[in-house]
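# the following block contains a protein sequence and its predicted model.
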Protein chains: 2
Amino acid sequence: MDIDDYMTAIGRRARVASRAMARAATSAKNEALHAIARAIEREQAALKEANARDVAKAREKGMDAAFVDRLTLSDKALATMIEGLRQVAALPDPIGEIDNLKYRPSGIQVGQMRVPLGVIGIIYESRPNVTIDAAALCLKSGNATILRGGSEALASNTALAALIGEGLAQAGLPREAVQVVETADRAAVGKLITMTEYVDVIVPRGGKSLIARLIEEARVPMIKHLDGICHVYVDDRADLCKALAVCDNAKTHRYGTCNTMETLLVARGVAGVVLPPLARVYRDKGVELRVDAQARAVLEAAPWASDAPALGLVDATEQDWHTEYLAPVLAIKVVDGIEAAIEHINTYGSAHTDAIITEDHDRAMRFLREVDSASVMVNASTRFADGFEYGLGAEIGISNDKLHARGPVGLEGLTSLKYVVLGHGEVRQ
Amino acid sequence: MDIDDYMTAIGRRARVASRAMARAATSAKNEALHAIARAIEREQAALKEANARDVAKAREKGMDAAFVDRLTLSDKALATMIEGLRQVAALPDPIGEIDNLKYRPSGIQVGQMRVPLGVIGIIYESRPNVTIDAAALCLKSGNATILRGGSEALASNTALAALIGEGLAQAGLPREAVQVVETADRAAVGKLITMTEYVDVIVPRGGKSLIARLIEEARVPMIKHLDGICHVYVDDRADLCKALAVCDNAKTHRYGTCNTMETLLVARGVAGVVLPPLARVYRDKGVELRVDAQARAVLEAAPWASDAPALGLVDATEQDWHTEYLAPVLAIKVVDGIEAAIEHINTYGSAHTDAIITEDHDRAMRFLREVDSASVMVNASTRFADGFEYGLGAEIGISNDKLHARGPVGLEGLTSLKYVVLGHGEVRQ
């Protein structure tokens, strides 16, 4: 099989299907989602069988437990998929709404209509649940989808694709509206991210090395984020209780997520009261602290300084300010105040999510305006940067680019606005 | 001078200036715009002197009259610049507004704040008026700007840049918020469009060959359109008067603009009544018609068929459906109906602007929804696709991409929305 031809054929079918999806009625799209849910319910045994083949191969290859866990379609994973499909069916359909329709002096009416992007390519790791999540969101937003999951999940994804096709057909929608790339050849990804004629946007979901490679090679625009180097800045006008609660939660609620705090900035004026109790919290939870000289001095001068060695302080290096640990490790720096904090964040951050803890209104507003990140927060944990928490109803990913969708991306991020002009034969003077 | 170092230094200064611009008060930005207007008014003689040097060199190089015309800073061109600056000052400031601030069940409030993109690079031809237009829009929207105009306008642009810097400084804003690349070296463009660290978006304004080259090489996202292959489809339920008025205006109002109709599609059912009178209009205005076999048959069977040779009909080839003439040339095709028209437009069009002429509501709505273009129109001339006509107050360019801004791009297209979260110490459960 020639990969180039294979992918081109997929792209062409997707483009054709995208036109039918763009005009699909809300009821047809919802019926397809429900039909897919029913098909998965019915075929649980067959799905688990296909998945077991993938899992066996992955174990043979020596993949680690976390990998196998993400790959496995457990009863719970299947139930979550089915529930997810029904939740997406229940979301409002963003497509077709016309906003801001206004008369202009020339007599024409001008407004903006929300329309699908067209064809969306999803590139992800060996996680079959993403197949259903992504397909559901793209389907609901009227897009055609090309799914390229990790090769270790091929049998699972192929089985899921058949059920998706069945559900689409039952609702009178084209089966080609969701296609799974059924080859493990990596050249398929290279083609997918460069065939601008057939693919409108790529959503990569996966590790940093995958995304870094895609950024290099892609010609199709991407909705993505590379790093999540999130900061909390504790201002010297912070409420201490809020500071402790947020700094604890932002770091220790989950270590491996992109909205986890990786660097803590503390104003010099409050370092002495904030850092010692925080350091104890982190110590109790096994978080390694990488501190600058001032933070070390503060911690070693604390009343319980004799405990300090137990904190396992490590001297931070320049590299630490650039690092997304995704692990129980936290960089800590004492700064002069809000100006230095903003400067640090805009220099070392990844424009993902950053928070200030302060009771001062002017400083809060300044932080919101000047920190150049997709999500900026006052007195709240960075862990809230999430489509569900923001009320988007769903999340296809998070973007830390500035164009198009920024921050958590829900259904709306899979659409665009085009201008509509309604006239009565007007011509331009 | 090492171009790489030179451009990096410009980029670094722009990034620093962009932070100050992001927090600049509306009054300071407006004061800068007025100060630049006053400076241009005062220095008209010096500007014309600098411009005369550019013009003399261009003439020596043998540039054509149209080129010299665009390059020349006439009294009228200067007056338009000054007026433009004052108009932009009068526009509402888009920056800082927070929309959709809603409480979530967790207790946090989530909204979206409009913020500048950061640093905008403008690449354009030897048209000094673009220097002021683009600088004004970027300044008002709180961005820093790097301007790279055609090398033939270097003396004019350098003189204008000095006045822009003076205006910025008078308003207490950094001079580096608007920088002109003062080298004719083409490598400067190559660097500008790839230094993603310092430039957030490129707006290319110029010919197709320039933009095609930039698309190949750019790593910085662009707001741009390559082609304007605009269509008018005359449906068999069209009002004949509207059809004639719009088809005339869409083609002949201006030939060289991107929103000019390049292909006319006519439903078979009305070709006999629509094409003959239209062909006479076009003949009288000297428009060459490239027709498919059916259109030719209709025109040659018209009552005044003896006139047909005078129409200068040319047989259309496949290439014609792909061509943006930017000239008094029009491709004409007879189609079966709306389905074929939409198919043709989505296949051959450039996703810029397309219109249907019909009295049928369902068909009008179908056209609006299914034609995948930045602007879709019912009973109106494609020439309306324009920032001023749409009420944007200004236009930095037109985009036929689907991500970010689509269609005419005004101040808002130079901004993005970031999420703001206001809490009271909430943590994620």
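Structure's in. What do you need?

# first vs last residue of stretch A:61-74, how far apart are they?
Length of stretch A:61-74, first residue to last, Cα to Cα, to the nearest Å: 20 Å.

# please state the offset of it from the chain centre?
21 Å (Cα atoms, centre = their mean, to the nearest Å).

# list the buried ones in that stretch?
Using 16 or more other Cβ atoms under 10 Å in any protein chain shown as the test for burial, stretch A:61-74 gives A:63, A:67-68, A:70-73. Where you see a C-beta, it was placed from the backbone N, CA and C, and this is true even at glycine.

# show me which pair in the residues you listed is furthest apart.
Of all pairs drawn from those, the greatest distance, 15.5 Å, lies between A:Met63 and A:Leu73 (Cβ to Cβ).

# check which helices and strands the lengthiest helix in chain A sits against.
Identified as the longest helix of chain A according to DSSP state H is helix A:3-22. Using 3 or more Cβ pairs under 8 Å, 6 or more residues apart in numbering or on different chains; DSSP states H and E, the elements in contact with helix A:3-22 are strand A:109-116, strand A:119-124, strand A:144-148, strand A:178-180, helix A:187-192, helix B:361-370.

# can you lay out the ones you listed as JSON lines showing mean neighbour count?
Below are the helices and strands packed on helix A:3-22 laid out as JSON lines (neighbours: other Cβ atoms under 10 Å in any protein chain shown):
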{"stretch": "strand A:109-116", "mean neighbour count": "22"}
{"stretch": "strand A:119-124", "mean neighbour count": "27"}
{"stretch": "strand A:144-148", "mean neighbour count": "27"}
{"stretch": "strand A:178-180", "mean neighbour count": "26"}
{"stretch": "helix A:187-192", "mean neighbour count": "20"}
{"stretch": "helix B:361-370", "mean neighbour count": "18"}
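
# and the stretch 51-200 of chain A, which residues reach chain B?
By Cβ under 8 Å from any Cβ of the partner chain, the residues of the stretch 51-200 of chain A that approach chain B are A:96, A:102, A:104, A:106, A:108, A:110, A:113, A:115, A:117-118, A:200.

# which PyMOL command selects the buried ones in those?
Restricted to buried positions by 16+ other Cβ under 10 Å, the PyMOL selection for those reads:
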select buried, chain A and resi 96+104+106+108+110+113+115+117+118+200
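
# ok, which pair from the residues of the stretch 51-200 of chain A next to chain B is furthest apart?
Between any two of those (Cβ to Cβ), the greatest distance is 31.6 Å, for A:Ser106 and A:Asp200.

# can you pull out the helices in the stretch 151-300 of chain A?
For the stretch 151-300 of chain A, applying DSSP state H, counting those that start in this stretch gives helices covering A:154-170, A:187-192, A:208-217, A:240-252, A:268-285, A:293-300.

# distance between stretch A:167-182 and the chain's centre?
Centre to centre, stretch against its chain (Cα atoms, centre = their mean), the figure for stretch A:167-182 is 25 Å.

# related to what we said a few turns ago, which of the helices of the stretch 151-300 of chain A has the lowest average pLDDT?
The minimum mean pLDDT among the helices of the stretch 151-300 of chain A belongs to helix A:208-217 (a mean of 87).

# got the contact list for that helix?
A:123, A:125, A:189-190, A:193-194, A:202, A:204, A:222, A:224-227, A:324 (Cβ atoms under 8 Å, 6 or more residues apart in numbering or on different chains).

# narrow the residues you listed to those that are buried.
A:123, A:125, A:189-190, A:193, A:202, A:204, A:222, A:224-227, A:324.

# TSV for the helices and strands packed on helix A:3-22, including distance to B:Glu166?
Putting these into TSV (distance: least, Cβ to Cβ, whole Å) gives the following:
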stretch	distance to B:Glu166
strand A:109-116	38
strand A:119-124	48
strand A:144-148	54
strand A:178-180	58
helix A:187-192	51
helix B:361-370	48
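
# A:Ala45 is nearest to which of those?
strand A:178-180 (20.4 Å).

# which strands and helices sit next to that closest one?
Against strand A:178-180 (3+ Cβ pairs under 8 Å, 6+ apart) you get helix A:3-22, helix A:128-140, strand A:144-148, helix A:154-170.

# can you list the buried residues in the second one?
Of the residues in helix A:128-140, A:128-140 count as buried by neighbour count, 16+ other Cβ under 10 Å.

# quick check: longest strand of chain A.
strand A:415-426 (DSSP state E).

# against which helices or strands is it packed?
By 3+ Cβ pairs under 8 Å, 6+ apart, strand A:415-426 packs against strand A:98-103, strand A:109-116, helix B:240-252, strand B:375-380, strand B:407-409.

# average pLDDT for the last one?
In other words, strand B:407-409. The model assigns strand B:407-409 a mean pLDDT of 94.

# same question, the first one
Averaged across strand A:98-103, pLDDT comes to 94.

# alpha carbons only: can I get that strand in PDB?
Taking C-alpha atoms only, strand A:98-103 is exported to PDB below (Å, rounded to 0.1, in the frame of the first residue of the first chain):
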ATOM      1  CA  ILE A  98     -26.000  33.900  13.300                       C
ATOM      2  CA  ASP A  99     -24.800  36.700  15.600                       C
ATOM      3  CA  ASN A 100     -24.700  40.400  15.400                       C
ATOM      4  CA  LEU A 101     -26.900  40.700  12.300                       C
ATOM      5  CA  LYS A 102     -26.900  44.500  11.800                       C
ATOM      6  CA  TYR A 103     -28.100  46.800   9.000                       C
END
